[in-house]
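Undergrad: I need the structure of the sequence given here:
(2 chains)
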Amino acid sequence: MELRINQKAYQVDAEADTPLLWVIRDNLGMTGTKYGCGLAQCGACSVLVDGNVVRACVTPVAGVVGREITTIEAVEADDVGKRVVAAWVEHQVAQCGYCQSGQVMAATALLKHTPAPTKAQIDAAMVNLCRCGTYNAIHAAMDALAAGKETA
Amino acid sequence: MNTNEIIPGVTLGEPINLSRRRFLASTAVGALVIGFGLPLGTSRVQAATGAAAERGTQVPAFLEIRPDGSVRLLSPFMEGGQGTHTAMAQIVGEELDADPATFIVEAAPPGEAYVVMENGLRITGGSMSVRMSYPTMRRLGALARAMLMQAGAEQLRVPLSELTTQPGRVVHAASGRSLGYGELAGAALDMPVPDPASITLRDPSQFRWIGKPVKRLDAYDKSTGKAQYTIDLKIDGMLHAAVQHAPRLGMTVGSLRNQAQVQAMKGVHSVHTLPGAVAVVAERWWHAKRAVEAIQVEWLEAAADSTVRAMPADFSSDKYRDFLAAQQGPARDDENEGDVAGALASAKTRVEATYHNQYLNHAQLEPPSALARFNPDGTLEVWLPNQAPDMFRADIAKRTGLSTEQITLHSPLLGGFFGRHFLYDSANPYPQAIALAKAVGRPIKLIWSREEEFVRDVLRPVAVVKFRAALDDKGLPVAIEAVSATEGPTEAIAGKQGDAIDPTALEGLSGKSYAIPNKRIAQIYVKGPAMLGYWRSVGNSLNDFFYEAFLDELADKGGHDPYELRLHLLRDNPRLTTLLQAAAELSGGWKRGPYTAEDGTRRARGVAMASPFGSHAAVVAEVSIENGQVKVHHIWEAIDPGSIVNPAIVEAQVNGAVALGLSQTLLEEAVYVDGKPRARNYDLYPVLPPSRMAQVHVKIVESGEKMGGIGEPPLPAVAPAVANAVAQLTGQRIRSLPLNRYTFS
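TA: The predicted structure is shown next:
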């Protein structure tokens, strides 16, 4: 089947029900998207499909044929994504960093739909788990992004 | 782990006999050359070894300065989020006179050259990395600077005394000439390492980077998916593997009922039987996982001579708590001062209470994995998450029969650790990966699925603690006794060490600073059925909860405010008095409540302290009850680690420790029923979600005392501060965790 990922077409040999996560990681070798739980519990595998955040670990690959998939590898190709990354660096969000690909993708999806989200909208969208406890740093970065503050 | 024994069999304070371990520096550098492909000659390191035998002086083993002036530092410590790689760049860079931003830091291979800690160890744990290597790593940077200046003197043909440095350059002010470090590095690293005694370190008042909020070196890579963890690695010819573990540790594989069908499944390369597990090797991990889960295994009960701690079929974590509570002794004293029995007998008021806690999983976000490759010459290369590379390599040597020189061990970034990546006999995937690589003759990357991780992770210990205390006629505590029925993690891993108390069992009950004249802290050792391990802040994670919550009971019984009581009991301890007052001040002044907040919620505050890992912490927590559950609004934490390297990373570590502390306080618990964990994923093992995080306010108090740890010390006081606040708000004593076992109205 053919997948469109990060504006490129890929021919993929995988069964229809293979989770998108493992196609991205193993078939295509893009390892920025992380495996955390396999049950859509943690959000480490968050990617964008047609601009909406999905959890790739429970998304059958056949369901995203013909759709535009964006992974963390291309996040900076997007203006909003680039701002999110800059804010993540500015606010020194990451600790171990393992969940942060998913956090950045979730933030990018929110801000693309809602450029100036309210606190409630941020709370509703930023639900991925972080075992290092970077939640307050994530909120600081999101508040700056929501306020339209440019980061250096 | 403010203790004598952090790792089984290794006592702090006694240098390890390094020659016995055969960790040759040349091996380490050989690995470096292979791993990086740059011609860093082993002769340099051997020459350095001859010149100075002291720790951390083999400059070329640590540093490589590239033509563009960037500095590659091989860190003795693993980066798992705690920021140690950035801290190392700050410390070395300060003395080298090179901006930390020009550093690339990677984990050093095993080897004697990297045993830099003042206790003779090289591990990443016990919040020890910076505090135990600080002078040594500073000296390393200064030695390298001296070598660069020497090379500069030769190249510029000027006396050494006329040279200075500015970041990244050797400068001859008199002639206005200068040379970049990158231009000098080739010659400089061939210089003999100077006598460490000849080195003068920079005056702390002149620090540019130490003590400043230097940006983390890994922030960008970790925000863009570029950071690579073991689970992300790929090498030529590699196959993937997945396992299905026995449902209970110790059980062995009887037969595979459907091996032929599984063998025929899509993508399957081969099916294997391992000790206590079955494995499938496949071209893709998803195929391996699917196939291995399809195997119908007949599991056999553990044999009587099983070498692992066999999990009984009837083990229940709830019933085990009752079992611990029923233990009568004998108990062994860790602390015994004054006359506790006499004080209790003659006391005006006696207070008794029994406390307990819960098992916990590590639940780090990166599932464990290992990548193993046998090379044509019979050597073995392994990539694996670890907190102690020399111990892991020694273990691999023991398991494979190879010499340590034949084993190259790589230590990628850790996707969280919290104590998870120490050497735990039954809880690490690398023995399986190595066995499979050997069996199939190709490199193997083995990933444990989240479910297989939960069934083999080692647990944070549990304890039942019986307190007794005596109050005088003013309501002040004059005696306290705590008898804990428990097994500590170190004695669980290494076995009970004769009559010796495992310090990791009692730390946080022992070692308190309150002036209570009669005290007894004792352990009833109870060997349990579950495999135990180190969990961030170790024994303090439970024991400070017990002690500090009981101390609030004493305050209430004696008619004293718990904050004022603590100040009274610390009246002769200016350092902790200052710290406690700093936490109160940070919170806007001590105010216990209950009171009505601006949003109309009823709130109360609690206070608690802890002194783990060479640092001290004081916490004030503010809580309310929302839909029957505890909501923690604010955590105000003052921490005194003596002195610090990076205030921004300290603040981040306090936030992280608070999150883990809240998680264990509010909702986290590993429950076993019929010998099996109830939860094998985050669906039934909840970890703190963003919605339950508190606002965290941090005050760093630098007393100037001996440097303490940072990763763990902010954690233990969180649970008792919250519990004490909840007790004040609800009138209900909190004598166990987690709080979601309680009903609040």
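Undergrad: For the rest of this, base every contact and every neighbour count on C-alpha atoms.
TA: Will do.
Undergrad: I'd guessed B:E301 sits against B:M251; true?
TA: Yes. Using C-alpha atoms under 8 Å, B:E301 is in contact with B:M251, at 4.8 Å.
Undergrad: Show me which residues of the stretch 551-700 of chain B sit near chain A.
TA: Contact residues (C-alpha under 8 Å from any C-alpha of the partner chain) of the stretch 551-700 of chain B with chain A: B:652, B:655-660, B:681-683, B:687-691, B:693, B:695-696.
Undergrad: Against chain A, how distant is B:A326?
TA: Separation of B:A326 from chain A (C-alpha to the nearest C-alpha, to the nearest Å) stands at 35 Å.
Undergrad: what pLDDT does that residue get?
TA: Looking at B:A326, its pLDDT is 98.
Undergrad: what's around it, how many residues?
TA: By other C-alpha atoms under 10 Å in any protein chain shown, 11 other residues sit near B:A326.
Undergrad: What's the local residue count around the residue of chain A found nearest chain B?
TA: Distances between chain A and chain B by C-alpha to the nearest C-alpha are smallest at A:C96, namely 3.4 Å. When neighbours are counted by other C-alpha under 10 Å, A:C96 registers 29.
Undergrad: What of B:K438?
TA: 17.
Undergrad: What of the one 10 residues further on?
TA: Burial of B:W448, expressed as a neighbour count using other C-alpha under 10 Å, amounts to 24.
Undergrad: Would you mind giving both backbone torsions of it?
TA: Note on B:W448: backbone dihedrals following degrees, to the nearest 10 are phi -80, psi 130.
Undergrad: tell me which element B:A522 falls in.
TA: strand B:518-525 (DSSP states H and E).
Undergrad: can you list the domains in chain A?
TA: According to automatic domain parsing, chain A is divided into the following domains: A:2-73, A:75-146.
Undergrad: Now do the strands in chain A.
TA: A:2-5, A:8-11, A:46-49, A:52-55, A:68-70 (DSSP state E).
Undergrad: tell me the most buried of those strands?
TA: strand A:46-49 (a mean of 26; mean count of other C-alpha atoms under 10 Å in any protein chain shown).
Undergrad: and it, which strands flank it?
TA: strand A:52-55 (antiparallel), strand A:68-70 (antiparallel) (DSSP bridges).
Undergrad: quick check, distance from that strand to the centre of its chain.
TA: 5 Å (C-alpha atoms, centre = their mean, to the nearest Å).
Undergrad: So what touches that strand?
TA: Residues from elsewhere that reach strand A:46-49, judged by C-alpha atoms under 8 Å, 6 or more residues apart in numbering or on different chains: A:33, A:53-56, A:64, A:67-72, A:101-103, A:105-106, A:109.
Undergrad: Could you do stretch B:270-280 as well?
TA: B:241-246, B:249-253, B:259, B:262-263, B:268-269, B:281-282, B:288-289, B:291-292, B:432, B:436.
Undergrad: Output the strands of chain A in JSON lines; the columns should cover mean pLDDT.
TA: What follows is the strands of chain A, written out as JSON lines (pLDDT from 0 to 100):
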{"stretch": "strand A:2-5", "mean pLDDT": "98"}
{"stretch": "strand A:8-11", "mean pLDDT": "98"}
{"stretch": "strand A:46-49", "mean pLDDT": "98"}
{"stretch": "strand A:52-55", "mean pLDDT": "98"}
{"stretch": "strand A:68-70", "mean pLDDT": "98"}
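Undergrad: State which helix of the chain is the longest.
TA: You didn't say which chain, so I picked chain A. Of all segments of type helix in chain A, defined using DSSP state H, the longest is helix A:100-113.
Undergrad: that's the other chain; I wanted chain B
TA: Max-length helix for chain B by DSSP H is helix B:129-156.
Undergrad: Beyond it, next helix or strand please.
TA: Next along the chain after helix B:129-156, taking DSSP H and E as the criterion, comes strand B:163-166.
Undergrad: Paired strands for that next one, with orientation please.
TA: Strand B:163-166 is paired, per DSSP bridges, with strand B:169-172 (antiparallel).
Undergrad: Quick one: residues in contact with the strand it pairs with.
TA: Outside strand B:169-172, the residues touching it (C-alpha under 8 Å, 6+ apart) are B:L148, B:M149, B:G152, B:E162, B:L163, B:T164, B:T165, B:R177, B:S178, B:L179, B:G180, B:Y181.
Undergrad: Kindly report the same for stretch B:622-630.
TA: Applying C-alpha under 8 Å, 6+ apart, the external contacts of stretch B:622-630 come out as B:601-606, B:631-635, B:666, B:722, B:725-726, B:729, B:739-740, B:743-745.
Undergrad: of these, buried ones?
TA: The neighbour count (16 or more other C-alpha atoms under 10 Å in any protein chain shown) marks B:602-606, B:631-635, B:666, B:722, B:725-726, B:729, B:739 as buried among the contacts of stretch B:622-630.
Undergrad: and those, which of them are in strands?
TA: Helix and strand membership here follows DSSP E; of those, those in strands are B:R602, B:R603, B:A604, B:R605, B:G606, B:K631, B:V632, B:H633, B:H634, B:I635.
Undergrad: what about residue 111, neighbour count?
TA: Defaulting to chain A. Neighbourhood size, A:L111 [other C-alpha under 10 Å]: 21.
Undergrad: nope, chain B please
TA: B:G111 has 24 neighbours, counted by other C-alpha under 10 Å.
Undergrad: Next up, phi/psi of it, please.
TA: Torsion angles, degrees, to the nearest 10, at B:G111: phi 140, psi 150.
Undergrad: per-residue confidence at it?
TA: Reading off the model, B:G111 has pLDDT 94.
Undergrad: didn't it look like it was pressed against B:A388?
TA: No. Using C-alpha under 8 Å, B:G111 makes no contact with B:A388, being 11.0 Å away.
Undergrad: shared neighbours, these two?
TA: By C-alpha under 8 Å, 6+ apart, B:G111 and B:A388 have no common neighbours.
Undergrad: one step back: pretty sure the residue of chain A closest to chain B sits against B:H85.
TA: No. Using C-alpha under 8 Å, A:C96 makes no contact with B:H85, being 11.5 Å away.
Undergrad: Which residues are in contact with each of these two?
TA: B:E79.
Undergrad: Pull up the gap between B:R284 and A:W22, please.
TA: B:R284 is 8 Å from A:W22, where distance means C-alpha to C-alpha, to the nearest Å.
Undergrad: who has more neighbours, those two?
TA: A:W22 (26 against 23).
Undergrad: Only the buried residues of stretch B:422-432, if you could.
TA: For stretch B:422-432, using 16+ other C-alpha under 10 Å, the buried residues are B:F422, B:L423, B:Y424, B:S426, B:A427, B:N428, B:P429, B:Y430, B:P431, B:Q432.
Undergrad: With respect to B:L569, which of those residues is nearest?
TA: Using C-alpha to C-alpha, B:F422 comes nearest to B:L569 of the buried residues of stretch B:422-432, at 37.4 Å.
Undergrad: And the helices in chain A, which stretches?
TA: A:20-22, A:79-90, A:100-113, A:119-125, A:135-146.
Undergrad: and if you look at the stretch 151-300 of chain B?
TA: B:181-188, B:219-223, B:259-263, B:285-294 (DSSP state H, counting those that start in this stretch).
Undergrad: got a list of contacts for the longest one?
TA: Contacts to helix B:285-294, defined as C-alpha under 8 Å, 6+ apart, come from residues A:18, A:22, A:26, B:240-244, B:262, B:265-268, B:278-282, B:447, B:449.
Undergrad: Drop anything exposed from the residues you listed.
TA: For these, buried by 16+ other C-alpha under 10 Å: A:18, A:22, A:26, B:240-244, B:262, B:267-268, B:278-282, B:447, B:449.
Undergrad: Quick check: B:A282 touching B:M265?
TA: No. If you go by C-alpha under 8 Å, B:A282 and B:M265 don't touch, sitting 9.9 Å apart.
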